[in-house]
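Novice: sequence and predicted structure below; questions after.
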Amino acid sequence: MKVARWTRTSKLFTGGAAALAVTLACVPLVFESDVVQKLTTLLILVLLAAMWNALAGYGGLLSVGQQAFIGIGAYGTVFFADLGVAPYVAMLLATLLAGAIALPISLFALRLRAAQFAIGMWVIAEVISLIVRLDQNLGAGTGISLIQLNQYEPNFRQAYTFWLALGFTVVFLAALFFLLRSPLGASLQAIRDDEDAARSLGVRVAARKRLLFVLAGFGCGAAGVLVVANTLFIEPGSVFSVQWSAYMIFMVLVGGLGTFEGPIVGAILLFAIQTTFTQGGPWYLVGLGATAALFALALPRGLWGTVEERLGLRLLPVGYRVVEAKGEERAA
Amino acid sequence: MTLLNAALQGIFLGAFYAVLACGLSIMFGVMRIINLAHGDIAVFGAYVMFVIVEHTGVSAFIAFAAALPVMVVLGYVLQLTVLERSLKSGILTPLLATFGLSIVIQNLLQLAFSPDVRSLGGSAGAVTTGSWQVTSGLSVSALGLVVLVVAVLVFGALQLFLSRTRMGWMMRATAEDADAAELVGIDSRGVYAWATAFAVAIAALGGLFLAIRSVFDPVSGPTQLIFAFEAVVIGGMGSLWGTLVGGIALGVAQTLGAQIHPQFAVMAGHLLFLVVLIARYGGGRDFLPRARRLLLARAGR
């Protein structure tokens, strides 16, 4: 008997994922700009789901306020671009800003438990939104456009934004993937399974959670940057909306909380639902809310978590498994 | 004098927040869960009263009395169908389930009543307009006084209920230790269901005051939830009278904040909440003794 990480399926699939990223990079060369814009939206959803899952799935931190970082990323881009920084450089700066702001917030936010953390983060998002509304230079409550992007021809702009989205998604997913596979990741998965037990074994729970929180701050900031780059116009009412949290919760719960692949599945599902019910509307949101609640109550491991459990399938392996001598496999 | 008047209006506003927060505080006290749909339930209650008023033309207060049994049943059923299940599986599940519920309620209200803003101010009678001019700069509105008196009565009645009645003792025992309470024959399921029923009924009272004081729409709930939670935290989680004090502190912070700048009202409340949250739960406790030790060490040297 031995302990292994890779199986043939997971090797094939991880290779496939890398190939998929390369293929996606060619999309703007082939397809119309509306396809590119749609795919950018999908990548934003994947990024958001992965980041929310990093917090809730591995850190046990349920945040209803990640829109704070989306807003910082979006408004940060406009802020830096207005200072005269080249728009795509402004986007990188805004992402860094979101991560930098996550650090001081983490100092006290991470000491809060369950509902205190959830609503505490929500109020922080509201406060940041109110600060933006007070600033006339950022369009106050009425919103502002990223006019600096108009210097690019629309097709090129759409392609650049898509590549940025792809780059962000690959970088953040890879960061999470390798983080979870490192010795550090073993402690993160231990925290996910039982925080008290992990602490008693000497895992530095607070430091690990801080790492996840700051990573999620960066990632959600990057998503905010992409939102403004993709839509060119933002207003505090929508970019700081708690609806983002609703989407993240839906994607992660339906896909599979605490699994690496689950949130990606959830994001693709939400994207499919959004493209089918283009008019949106209340019924669609009733469905989202009810589905999220049902999954939380009845299927807490989500679609992917259940598949993984039943079939012992790991496509992007972040854990280990015990392989028996005959080659018969059992999930570790 | 304007500051004094602002503080007085803040007390009235805060009494409203305390009523909103009361149910949240009960559920946290008994079950250690925060219902993220609490604000939406209050708004739902407001819509129930709105429908009754529209169809029968009665006063808003009578509509509340008629809506009350509906809300009690709703709370009882909510506990048995959704919350009870969520209690069994970890501390995050109740939050996730009630957040989903919150989105469902908001959008069902949107479907049933359109996004238009409504108010019950017109059907509450003279109480909404009456006021006494105490001095030139100081006025007491009849509605503010009614809300304050009702808030004190609600909290007082709850105190009596918890300390004098059999059901109240059972609730306190279950809150203390549900398993031990089961051992002495208390049906904790039933106690939890009643706690939620009370919480939802009092949320409807909050909904009534919301509808009379100002306007509401299908998405008013989340804001009410935030204010209610802020009141609970400022007053100290798990303390009943603390919630009344916390609500009033939040109301005063908002009206005083509005004196600086109208847009600063809500912000001032949020900041008070964050300061209390950090001081009480976010490591302020570690920070203060450390600072004190540091100061004392300096002084001793």
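Specialist: Done, it's in.
Novice: could you use CA atoms for every contact and neighbour count after this?
Specialist: OK.
Novice: state the helix or strand in which the closest residue to B:Pro94 other than its chain neighbours lies.
Specialist: Spatial nearest neighbour of B:Pro94, excluding adjacent residues (Cα to Cα, 6 or more residues apart in numbering or on different chains): B:Ser86 at 5.0 Å. Following DSSP states H and E, one finds B:Ser86 within helix B:84-87.
Novice: can I get that helix as CSV, trimmed to CA atoms?
Specialist: Only the C-alpha atoms of helix B:84-87 are listed here, as CSV (Å, rounded to 0.1, in the frame of the first residue of the first chain):
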residue,chain,number,x,y,z
GLU,B,84,-34.2,23.2,13.0
ARG,B,85,-32.5,21.3,10.2
SER,B,86,-29.8,23.9,9.8
LEU,B,87,-29.0,23.9,13.6
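Novice: A:Asp196 - how many residues pack around it?
Specialist: 12 (other Cα atoms under 10 Å in any protein chain shown).
Novice: my bad, B:Gly14
Specialist: If you count neighbours by other Cα under 10 Å, B:Gly14 ends up with 31.
Novice: isn't it up against B:Thr255?
Specialist: No - using Cα atoms under 8 Å, B:Gly14 is not in contact with B:Thr255, being 9.5 Å away.
Novice: if I look at B:Met267, how far off is B:Val43?
Specialist: B:Met267 sits 22 Å away from B:Val43, going by Cα to Cα, to the nearest Å.
Novice: pull the contacting residues for the residue nearest in space to the middle of chain A.
Specialist: Nearest to the mean C-alpha position of chain A, by Cα atoms, centre = their mean, lies A:Leu48 at 2.3 Å. Residues in contact with A:Leu48 (Cα atoms under 8 Å, 6 or more residues apart in numbering or on different chains) are A:Gly219, A:Cys220, A:Ala223, A:Met248.
Novice: the stretch 101-250 of chain B against chain A: which residues are in contact?
Specialist: B:Leu101, B:Ser102, B:Ile103, B:Val104, B:Ile105, B:Asn107, B:Leu108, B:Gln110, B:Leu111, B:Ile226, B:Phe229 (Cα under 8 Å from any Cα of the partner chain).
Novice: could I get those as CSV with neighbour count, pLDDT and secondary structure?
Specialist: Shown next, in CSV, are these (neighbours: other Cα atoms under 10 Å in any protein chain shown; pLDDT from 0 to 100; DSSP: H, G, I helix; E, B strand; the rest coil):
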residue, neighbour count, pLDDT, secondary structure
B:Leu101, 25, 95, helix
B:Ser102, 27, 95, helix
B:Ile103, 27, 94, helix
B:Val104, 25, 95, helix
B:Ile105, 24, 96, helix
B:Asn107, 23, 94, helix
B:Leu108, 18, 95, helix
B:Gln110, 19, 94, helix
B:Leu111, 15, 93, helix
B:Ile226, 21, 95, helix
B:Phe229, 33, 94, helix
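Novice: just give me the closest of these to B:Gly90.
Specialist: B:Leu101 (17.7 Å; Cα to Cα).
Novice: sorry, back to before: pick out whichever of the residues of the stretch 101-250 of chain B next to chain A sits closest to A:Val27.
Specialist: B:Ile103 (35.4 Å).
Novice: so the closest one touches A:Val286, yeah?
Specialist: Yes - the pair B:Ile103 / A:Val286 is scored as a contact, 6.5 Å apart, by Cα under 8 Å.
Novice: so which residues of the stretch 51-200 of chain A form strands?
Specialist: In the stretch 51-200 of chain A, the strands defined using DSSP state E, counting those that start in this stretch lie at A:144-145.
Novice: where does it have low pLDDT?
Specialist: Judged against pLDDT under 70, the stretch 51-200 of chain A has no low-scoring part.
Novice: got the residues of it near chain B?
Specialist: Counting by Cα under 8 Å from any Cα, the residues of the stretch 51-200 of chain A near chain B are A:60, A:62, A:108-112, A:114-115, A:119-120, A:123, A:127, A:130, A:134.
Novice: quick one: buried ones out of those?
Specialist: A:60, A:62, A:108-112, A:114-115, A:119-120, A:123, A:127, A:130 (16 or more other Cα atoms under 10 Å in any protein chain shown).
Novice: and the two most separated of the residues of the stretch 101-250 of chain B next to chain A?
Specialist: By the measure Cα to Cα, B:Leu111 and B:Phe229 form the most distant pair in those, at 27.1 Å.
Novice: in the stretch 101-250 of chain B, what residue is nearest chain A?
Specialist: Proximity of the stretch 101-250 of chain B to chain A (Cα to the nearest Cα) peaks at B:Val104, 4.5 Å away.
Novice: which helix or strand lies directly C-terminal to the strand or helix carrying B:Ala42?
Specialist: If you go by DSSP H and E, B:Ala42 is part of helix B:38-56. Downstream of helix B:38-56, the next assigned helix or strand under DSSP H and E is helix B:60-78.
Novice: report the mean per-residue pLDDT for that next one.
Specialist: Taken as a whole, helix B:60-78 has a mean pLDDT of 95.
Novice: what angle do that helix and helix B:38-56 make?
Specialist: 130 degrees (axes from the mean of the first three to the mean of the last three Cα atoms, to 10 degrees).
Novice: so which bits of helix B:60-78 are buried?
Specialist: Neighbour count says helix B:60-78 has B:60-61, B:63-64, B:67-68, B:70-78 buried, by 16+ other Cα under 10 Å.
Novice: quick check: the gap between the closest residue to A:Gly65 other than its chain neighbours and A:Ser241.
Specialist: Among residues not flanking A:Gly65 along the chain, A:Trp122 sits closest, at 4.0 Å (Cα to Cα, 6+ apart). For A:Trp122, the distance to A:Ser241 (Cα to Cα) stands at 10 Å.
Novice: and the strands in chain B?
Specialist: Secondary structure of chain B by DSSP state E: the strands cover B:131-135, B:138-141.
Novice: confidence-wise, which of those is weakest overall?
Specialist: Note on the strands of chain B: lowest mean pLDDT is at strand B:131-135, with a mean of 81.
Novice: that strand packs against which elements?
Specialist: Where contact means 3 or more Cα pairs under 8 Å, 6 or more residues apart in numbering or on different chains; DSSP states H and E, strand B:131-135 is packed against strand B:138-141.
Novice: ok, the strand it packs on: who's next to it in the sheet?
Specialist: strand B:131-135 (antiparallel) (DSSP bridges).
Novice: how many neighbours does residue 83 have?
Specialist: This is for chain A. 10.
Novice: you looked at the wrong chain, it should be chain B
Specialist: Per other Cα under 10 Å, the neighbour tally for B:Leu83 reads 24.
Novice: related to what we said a few turns ago, measure the residue nearest to B:Pro94 to A:Phe250 for me?
Specialist: 17 Å.
Novice: more neighbours: which of the two?
Specialist: Legend: neighbour count by other Cα under 10 Å for B:Ser86 and A:Phe250, higher for A:Phe250 (28 against 23).
Novice: that older thread, just to be sure, the residue nearest to the centre of chain A is in a strand?
Specialist: No - secondary structure of A:Leu48 (DSSP: H, G, I helix; E, B strand; the rest coil): helix, not part of a strand.
Novice: ok, the residue nearest to A:Gly65 touching A:Leu62?
Specialist: No - A:Trp122 is not in contact with A:Leu62 according to Cα under 8 Å; the separation is 10.7 Å.
Novice: next, show the common contact partners of these two.
Specialist: Here A:Trp122 and A:Leu62 share no contacting residue, scored by Cα under 8 Å, 6+ apart.
Novice: which ones are touching B:Arg118?
Specialist: B:Ala211, B:Val215, B:Phe216, B:Asp217.
Novice: most neighbours out of these, which is it?
Specialist: Highest count within these by other Cα under 10 Å belongs to B:Ala211, 26 neighbours.
Novice: buried ones in stretch A:72-88?
Specialist: Buried residues in stretch A:72-88 (16+ other Cα under 10 Å): A:72-82, A:85, A:87-88.
Novice: tell me the two of those residues that are most distant?
Specialist: Top of the distance list for those (Cα to Cα): A:Ile72 and A:Val85, 16.7 Å.
Novice: how about residue 242, what does it touch?
Specialist: I went with chain A, as the question did not name one. Applying Cα under 8 Å, 6+ apart, the residues contacting A:Val242 are A:Val64, A:Gly65, A:Gln67, A:Trp122.
Novice: if you could check chain B rather than the one you did, that'd help
Specialist: Here B:Gly242 is in contact with B:Val232, B:Ile234, B:Gly235, B:Gly236 (criterion: Cα under 8 Å, 6+ apart).
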